[in-house]
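# Pasted the sequence and its predicted model underneath.
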Amino acid sequence: MPDISRRNALILGGVGVASVAVGGTGFVITQGRSSGSTSGTVAGTVAGKSLVEPTEFRSADGLLSIDLETAPQRVTIAGRDVNALSYNGGVPGPTLRVRAGDTLSVKLKNGLADPSNLHVHGLHVSPEDNSDNMFVTVEAGDSFDYQYELPPDHPPGVYWYHPHLHGFVAEQVFSGLYGAIIVEDPEPIPADRERLLVISDITLNSSGNIPAASAMDEMTGREGDLVLVNGQLTPDLTARPGERERWRIVNASVSRYLRLRLDGQQLTLLGIDSGRYESPQEVDELLLAPGNRADLLVTGSAGTATLRAVPYDRGSADGMMGGGSSRSGEEVALATFTVAGEGVDTPPAIPRQPAQRDLRTETVYARRELVFAMDMGGGMGAGMMTPTINDRQFDASRIDATVQFDSVEEWLLTNTSTLDHPLHLHVWPMQIIEQDGQPVDALLWQDVVNIPARSTTRVRIAFEDFSGKTVYHCHILDHEDNGMMGIISAN
C-alpha cells in the first residue's frame, strides 16, 4: 500500500489551477443523502439539468490515436470549489469509440503526484508489451505510449478505462479517473438515439476535497456520499412516446453495486459486459457489480420515470472492529426520464445477434478453485481483516496460476466471507455455468462475475488468442489494493 503522505494534492487541497469543465457542464453536479428512500440535494448543488455526455473521439481508417493526460484539477462543482482528478480535464474522461480490427493508440501523460498506468477494462487484447500490460508503471511526470490491437472479431459493446497500478487504484478511480470505450456493432442496432451513462460516486468534505478513506472504508469498500451520472446530479432525459433509445451504462464505482430500475418504461437488455444475448431479454431491473456494464434499449411510454438504484444487500464486514455495512442498501435517484409529445411509429424489430460460443460443450483441460476470504490479521491493522485469494495476498513477484494457452479451464469461485466479491479477469471473458450449485441455462458471458457472500459460482474460460501474464482480482477496488489479486500466466 502507498504511504498516505504520498496521496495526490487533490486530497490535501490547494492544487491552484484554473477551473475546468467536468462532464462537459463546467461543474460536477453532486448528490447528497436524506434519511428517506431517495437522495436529497446538498446545499449549493444544482440538480435536474439536461444530461451532458463526455467528449467523444472516433476511430478513422482503422486507427484512433489520442493523448490522455491525468492531472489534479480545481473545478467548480455547482458553485463550490472542488479538487478532483481527471483525464483531459473531464470527469468522466473522453469516450473512445472504435471498431473490431482497429488500433487504439493512447499516449498516457501522468500529471499526478503519484505513479499510475492504464487498463482498458474488458477489451480482449494482448496483456504484454505496450498493450494492456498491468505491470507498467508510469511515474509522476512521465508518459507512456500504449497500443491496443483489437482482433477482427472483437465483440461489440461498452467497455471502459481506468488506472490499475496496485495500491493506487481505488483512490485514483474514486477521485475521477475513468472513461468509456465503445466497440461499434458490425451491423447497427436500430435506435432513435444513443446515450452513455457513466455512473460513479464520490465523497467531498466541507473544503471541497476528497477525504482519505478510513480503514473500515477500505475493508468494506468505499462508497461515496454523492452518486453521479456523467458527473451530474439526477440529470434530465427526454424522449417521445415510442422512441427507442440505446443506453450504454458503466458502473465506474469503486465498490457500489447498482440494482437499476426504470419503472413504467420498456427495458430490453442486449447484454452485460462483452456478452450478448442471441435474443435480447425484456427485464424489469438489472444488477451491475462494480466494473460491470450494460447495453440496454429503452422504449419510451408517456409519463415521467426515475432511473433508480434500489437497495441491494452486498453483505457486511461481520467480525471486524466496529462491524461495517455498505450503502448499496440505500435507494438513490439517478436520473429523470420524461416521455412526452407526439408518438412515433413502432421501431423496427431488434435483429437477432450471433449466437455466442458455449464452453459447456467443450473439453476442459484443467479445473481450479479460487477461494475469496477475509482473513484476520495481515496488513489491515488490529481488529481488521485482510482480503485474500487462496489464503494469499498479492505478490508482484509470484505467479499464482499458470494455464495452458489455447485451452479451456473451469474455475470454481468460492466466497467464504460475509461480503460479495466481484471477480474481474483481464483479457479473457468468463462464461457463467453454475451459481450456488444450480446450473445456468442461459449463455452468460461477463468479465466481472459477482460471487455473493457465502456462495459459489462456476465459470469456464477459453485462454485463446493471446498469451502472456496478467491479473485477476476482486473489483471492489479497495479489496484489490489490499491484496485480493493474483497473477495468471498463459503459456
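Done, it's in.
# What are the boundaries of the strands in the stretch 51-200 of the chain?
Secondary structure of the stretch 51-200 of the chain (DSSP state E, counting those that start in this stretch): strands located at 56-58, 63-77, 80-87, 95-98, 103-110, 119-121, 143-149, 157-162, 179-183, 193-202.
# tell me the angle of the longest one relative to strand 143-149?
Calculated by axes from the mean of the first three to the mean of the last three Cα atoms, to 10 degrees, strand 63-77 forms an angle of 130 degrees with strand 143-149.
# And strand 63-77, what does it pack against?
helix 9-12, strand 56-58, strand 80-87, strand 95-98, strand 103-110 (3 or more Cβ pairs under 8 Å, 6 or more residues apart in numbering; DSSP states H and E). Where C-beta positions appear, they are placed from N, C-alpha and C, glycine not excepted.
# Let me know the angle separating it from strand 80-87.
Using the same axes, to 10 degrees, strand 63-77 lies at 170 degrees relative to strand 80-87.
# now strand 63-77 and strand 157-162, what's the angle there?
Going by the same axes, to 10 degrees, strand 63-77 makes 60 degrees with strand 157-162.
# residue contacts, the closest residue to R193 other than its chain neighbours?
For R193, ignoring the flanking residues on the chain, the nearest one in space by Cβ to Cβ, 6 or more residues apart in numbering is E245 at 5.3 Å. If you count contacts by Cβ atoms under 8 Å, 6 or more residues apart in numbering, E245 has them with 191-195, 237, 239, 297-300.
# Of those - the most surrounded one?
G300 (26 neighbours; other Cβ atoms under 10 Å).
# quick one: it from R240, how far?
Distance of G300 to R240, computed by Cβ to Cβ, to the nearest Å: 6 Å.
# again with P127
Distance from P127 to R240, counting by Cβ to Cβ: 45 Å.
# quick one: which of those two has more around it?
Per other Cβ under 10 Å, whichever of P127 and R240 has more neighbours is P127, with 21 against 14.
# Which of the three states applies to the closest residue to that one other than its chain neighbours?
Once flanking residues are discounted, P127 sits nearest to T470: 3.7 Å by Cβ to Cβ, 6+ apart. Using DSSP: H, G, I helix; E, B strand; the rest coil, the structure places T470 in strand.
# Give the bridge partners for T470, please.
I488 (DSSP bridges).
# need the helices for this structure, in chain order.
Ranges of helices in the chain, per DSSP state H, are 9-12, 169-174, 215-220, 477-481.
# Touching, A490 and S467? I think so.
Yes. Using Cβ atoms under 8 Å, A490 makes contact with S467 at a distance of 4.8 Å.
# Kindly point out which residues are neighbours of both of these two.
Contacts common to A490 and S467, judged by Cβ under 8 Å, 6+ apart, are F405.
# Those two: which has the busier surroundings?
A490 (23 against 16).
# From I272, how far out is the residue sitting nearest the centre point of the chain?
Central residue of the chain (Cα atoms, centre = their mean): G291, 2.6 Å from the mean position. According to Cβ to Cβ, G291 and I272 sit 11 Å apart.
# Distance from the chain centre to stretch 215-232, please.
13 Å (Cα atoms, centre = their mean, to the nearest Å).
# brain fart, stretch 106-118
Counting by Cα atoms, centre = their mean, stretch 106-118 comes out at 19 Å from the chain centroid.
# which parts of stretch 287-306 are buried?
Neighbour counts using 16 or more other Cβ atoms under 10 Å place 287-300, 305-306 of stretch 287-306 among the buried residues.
# Then stretch 240-257?
242-257.
# Please apply the same query to stretch 54-61.
54, 57, 59.
# From these, pick the one nearest A84.
Using Cβ to Cβ, P54 is the member of the buried residues of stretch 54-61 that lies nearest A84, at 14.3 Å.
# quick one, what contacts the closest one?
P54 makes contacts with 23-24, 90, 92-95, 179-180, 196, 198, 230, as judged by Cβ under 8 Å, 6+ apart.
# Going by neighbour count, which of these comes out on top?
Neighbour-wise, the contacts of P54 (other Cβ under 10 Å) top out at P92, 31 neighbours.
# That residue reaches V229, doesn't it?
No. Counting by Cβ under 8 Å, P92 stays clear of V229, with 10.0 Å between them.
# quick one: furthest residue from the center of the chain?
The outermost residue of the chain relative to its centre, with distances by Cα atoms, centre = their mean, is E342 at 36.5 Å.
# Give me the residues contacting stretch 484-491.
166, 370, 372, 387-390, 392-396, 398-405, 421, 425, 463, 466-474, 476.
# residue contacts, L108?
L108 touches 68-70, 116-118, 138, 143-146, counting by Cβ under 8 Å, 6+ apart.
# same check, this time on P348
P190.
# what do you get for A396?
135, 166, 487.
# Name only those of those residues that count as buried.
166, 487.
# Quick check: of the buried residues of stretch 287-306, which lies closest to D358?
Closest approach between the buried residues of stretch 287-306 and D358, by Cβ to Cβ: D295, at 20.2 Å.
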